[in-house]
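K.L.:
Here is the input, now give the coordinates:
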Amino acid sequence: MKMRRRIICRLGIVLATLLVLADLSRAVAAEDLLIIDRQFDLKNIATQDATVSQANRASGPALRVVTGQRQQWPGVTLRAPDGHWDLSAHGQVAVTLRNTGTNDVRISCRVDNPGADGAKNCVTDSIALAPGRSGTLKVTLKRASDGKLGGKLFGMRGYPVTPGGPGTVDPKNITQILLFVNKPGASHAFELEDIRATGSYTAPTASVTDADPFFPFIDTFGQYKHRDWPGKVHSPSELAERRATEAKELAAQPAPSDWDQYGGWKGGSQLAASGFFRVEKHRGKWWLVDPDGHLFWSHGIDCVRMLDATPIDERAEWFEHFPGDTTEFREFLSGGYALKGHYAGRSPKTFSFSGANLRRKYGPDWRQEYSEVIHRRLRSWGLNTIANWSDESTRLMRRTPYTDAVSSRGAKIIEGSDGYWGKFPDVFDPSFEAGVRRAMAGRNGRSAGDPWCLGYFSDNEMSWGDDTSLALGALKSPPEQAAKKVFVADLKAEYGDIAKLNAAWGTTHESWDALLQSREAPDKKKAHADLTAFYTKAAEQYFRTVRDAIKAVAPNQLYLGCRFAWVNERAAIAAGKYCDVVSYNLYQRTVADFKYPGGDKPLIIGEFHFGARDRGMFHTGLVPVPNQADRAQAYKNYVLGAVGHPQFVGTHWFQWMDEPTTGRVDDEENYQIGFVDIADTPYRETIEASREAGQRLYRSRLEETSAVQSR
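P.N.:
Presented below is the predicted three-dimensional model:
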């Protein structure tokens, strides 16, 4: 039996190797197809509230487009000269653009089949360009849509695909390409150099046509059952063999040789050693400085050793040889509250396939064993930070620098506010300060005062809205709302007489108490000055209160901001007044040209990622790429783009491990966004890109600085 298992295992390895080779052959990009070169026939270009002309640049001719403001989508339409283009060999349409106007512009590109109407028979994407900046806008030629088997599949963000459907095109019959600006508030000017079909098409792994019957479609490891791909696990013995193989690899490829114990640059400048992480501007760029006084750039990853679970209620037929039925894996059965989706408002039973796979791979003592592997992996992969949402016991081993976070959860909320993740906390209510101070008190003896802890984030992706939203939310709240009382008191101090407020706002409140009792929002334009003034006051109250609570317990550690996702300039500027580092979660292709409105302040990326559907997963995550090779290149471009930016001091990838194939319980996300899959197999292409970025980041940043200073 042992010999038979060895033979089966070796056959599995051979099969996996062949699959890798096959995958690599598919990943080789088809040669670019030039759809429209620099020679533009102006007579064949249709315009909509736009003018076109030929521009002559040093690099060659270009098409200049100037858009107006009379229509919703001013722009141009470029039609296929022979009726259609056949782009079936390619994955994307790429447009080379330059903003020649005087204000920021977001340019959209729509690729059409016959019958396109903006929603059907077309695909669209866009790019934001600052004045004078160039960029390549890429539109994915999406060919398939989610297949839900008539409602039998549910509770996921992404599904096995079915050919065609909404938001897809037939790449064999592309009839025209549109370039336009969406609902502009000003005129814009941009230049178009050429349009190409680029990148080879990589089909999603999973389709509802793969098997009949389709159920069960998830194997005992939590993987899609009906197809194979490089890295897929087929047996527990294969997991054990991969563990042994990787151990040798990690030993052979330790951390970059010029890193100190923290991952700082021991081969670089020696600055003052404070014993803690701090920020300093050095040679024209912001840096973190590690406790030993070495330059440090935070190359990190979120959710390290955090295990997502997927709902199993109503899904008994989905899983083959369900491991939760055995005693060995019952520790991974639990429950979780669902915020969104099919299970919203309920607490379904859940199971963590990733946890079960770690126990299979590392044994009963998997928690300690896996944490040891994690630290070795991080150094080998060129990563030097365990970032947000990560396992505390792994962080407190104090072998890799880490970040911590505090939350205002439990504070009273502004009842009239809203937002994707929930309402905004009432920063004027005593419960807000008390909650943050209580959270920080819980860090005593743990991260507070720990030299390995860079500092603290607060909350995450809060509902900052536009620059009037918090003020309007306060006014729409009940009279006992603390924020509303403060706002009304401010208005009373400014206007004195309610009649003066009514005259300014166009309202008819009989008294200040009547305003307090009212739940109506005023006209935003008429009340704008007062609304924005209170917004600034509330934003500054948030950051000042959190900063003071952090510094009271951890005076030597950094306040890293609140991880902005949706934010306006007032909130961002307020953060800059009180945070040591301002943080953003930026899910986009590059941050090389990012502009912070609050001036010269160090910045850090709290989250970003890229994902593909070529390895058994059903959703790409927030920034899609065609395949793993493109994913690795996108990672490297993003990180090194941030390295070259004078204000960024780090990037943190979201997240360590793929989300469950059938969706996490919180919100149904099932993204292919891990450095490792749910069976703990590293994505080879991504970790090699991470290694390269880690090896290059310090010298690249210094070289960029030298180049800027020499010009």
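
K.L.:
Show me the strands in the stretch 151-300 of the chain, by range?
P.N.:
Assigned by DSSP state E, counting those that start in this stretch, the strands in the stretch 151-300 of the chain fall at 161-163, 176-181, 188-200, 265-270, 278-282, 285-289, 294-296, 298-301.

K.L.:
next SSE after the last one?
P.N.:
The one in question is strand 298-301. Remark: after strand 298-301, the chain's next helix or strand is strand 310-311, criterion DSSP states H and E.

K.L.:
got any ranges where the stretch 351-500 of the chain has weak pLDDT?
P.N.:
Along the stretch 351-500 of the chain, the model assigns pLDDT under 70 to no residue.

K.L.:
Mind putting the strands of the stretch 151-300 of the chain into CSV with distance to T468?
P.N.:
In this view, the C-beta of every residue, glycine as well, is placed from N, C-alpha and C. Conversion of these to CSV gives the following (distance: least, Cβ to Cβ, whole Å):
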stretch, distance to T468
strand 161-163, 42
strand 176-181, 25
strand 188-200, 26
strand 265-270, 45
strand 278-282, 32
strand 285-289, 31
strand 294-296, 39
strand 298-301, 34
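
K.L.:
Make a markdown table from these and add mean pLDDT and distance to G68 to it.
P.N.:
Shown next, in a markdown table, are the strands of the stretch 151-300 of the chain (pLDDT from 0 to 100; distance: least, Cβ to Cβ, whole Å):
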| stretch | mean pLDDT | distance to G68 |
| --- | --- | --- |
| strand 161-163 | 94 | 40 |
| strand 176-181 | 97 | 9 |
| strand 188-200 | 93 | 9 |
| strand 265-270 | 95 | 51 |
| strand 278-282 | 98 | 43 |
| strand 285-289 | 98 | 41 |
| strand 294-296 | 98 | 49 |
| strand 298-301 | 98 | 45 |
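
K.L.:
In CSV: the ones you listed, plus distance to A434 and mean neighbour count.
P.N.:
Below are those laid out as CSV (distance: least, Cβ to Cβ, whole Å; neighbours: other Cβ atoms under 10 Å):
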stretch, distance to A434, mean neighbour count
strand 161-163, 50, 18
strand 176-181, 48, 22
strand 188-200, 49, 22
strand 265-270, 41, 16
strand 278-282, 29, 17
strand 285-289, 31, 23
strand 294-296, 34, 26
strand 298-301, 31, 26
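
K.L.:
low-scoring stretches of the chain, by residue?
P.N.:
Looking along the chain with the criterion set at pLDDT under 70, you get 1-30, 704-711.

K.L.:
among the strands of the stretch 151-300 of the chain, which is nearest L141?
P.N.:
strand 188-200 (8.0 Å; Cβ to Cβ).

K.L.:
Strand partners (parallel or antiparallel) of that closest one?
P.N.:
Sheet pairing of strand 188-200 (DSSP bridges) gives strand 33-36 (antiparallel), strand 60-67 (antiparallel), strand 90-99 (antiparallel).

K.L.:
For S390, which of the ones you listed is the nearest?
P.N.:
Nearest to S390, of all the strands paired with strand 188-200, is strand 90-99, at 33.9 Å by Cβ to Cβ.

K.L.:
what angle sits between the closest one and strand 176-181?
P.N.:
Strand 90-99 runs at 40 degrees relative to strand 176-181, counting by axes from the mean of the first three to the mean of the last three Cα atoms, to 10 degrees.

K.L.:
And the contacts of the following helix or strand past strand 90-99?
P.N.:
Note on strand 90-99: by DSSP H and E, the next helix or strand toward the C-terminus is strand 105-112. Contact with strand 105-112 is made by 73, 75, 93, 95, 97, 99, 116, 118, 121-129, 137, 139, 141, 169, 174-182, 184, 188, 190, as judged by Cβ atoms under 8 Å, 6 or more residues apart in numbering.

K.L.:
Tell me the buried residues in strand 105-112?
P.N.:
Using 16 or more other Cβ atoms under 10 Å as the test for burial, strand 105-112 gives 105, 107-112.

K.L.:
In CSV: the strands paired with strand 188-200, plus mean neighbour count and distance to R409.
P.N.:
Below are the strands paired with strand 188-200 laid out as CSV (neighbours: other Cβ atoms under 10 Å; distance: least, Cβ to Cβ, whole Å):
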stretch, mean neighbour count, distance to R409
strand 33-36, 17, 51
strand 60-67, 20, 45
strand 90-99, 23, 41
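
K.L.:
could you redo the ones you listed as TSV and give each row distance to S690?
P.N.:
Below are the strands paired with strand 188-200 laid out as TSV (distance: least, Cβ to Cβ, whole Å):
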stretch	distance to S690
strand 33-36	32
strand 60-67	37
strand 90-99	24
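
K.L.:
nearest to C453, of those?
P.N.:
For C453, the closest of the strands paired with strand 188-200 is strand 90-99, at 41.4 Å, according to Cβ to Cβ.

K.L.:
from the middle of its chain, how far away would that closest one be?
P.N.:
Relative to the centre of its chain, strand 90-99 is centred 22 Å away, using Cα atoms, centre = their mean, to the nearest Å.

K.L.:
orientation of it relative to strand 105-112 in degrees?
P.N.:
Strand 90-99 and strand 105-112 are oriented at 150 degrees to each other (the same axes, to 10 degrees).

K.L.:
Please report how far K281 lies from R305.
P.N.:
Counting by Cβ to Cβ, to the nearest Å, the gap from K281 to R305 is 34 Å.

K.L.:
Look at the residue nearest to G599 when sequence neighbours are not counted and give its secondary structure.
P.N.:
Leaving out its chain neighbours, the residue that sits closest to G599 by Cβ to Cβ, 6 or more residues apart in numbering is G576, at 6.6 Å. Here G576 is recorded as helix under DSSP: H, G, I helix; E, B strand; the rest coil.
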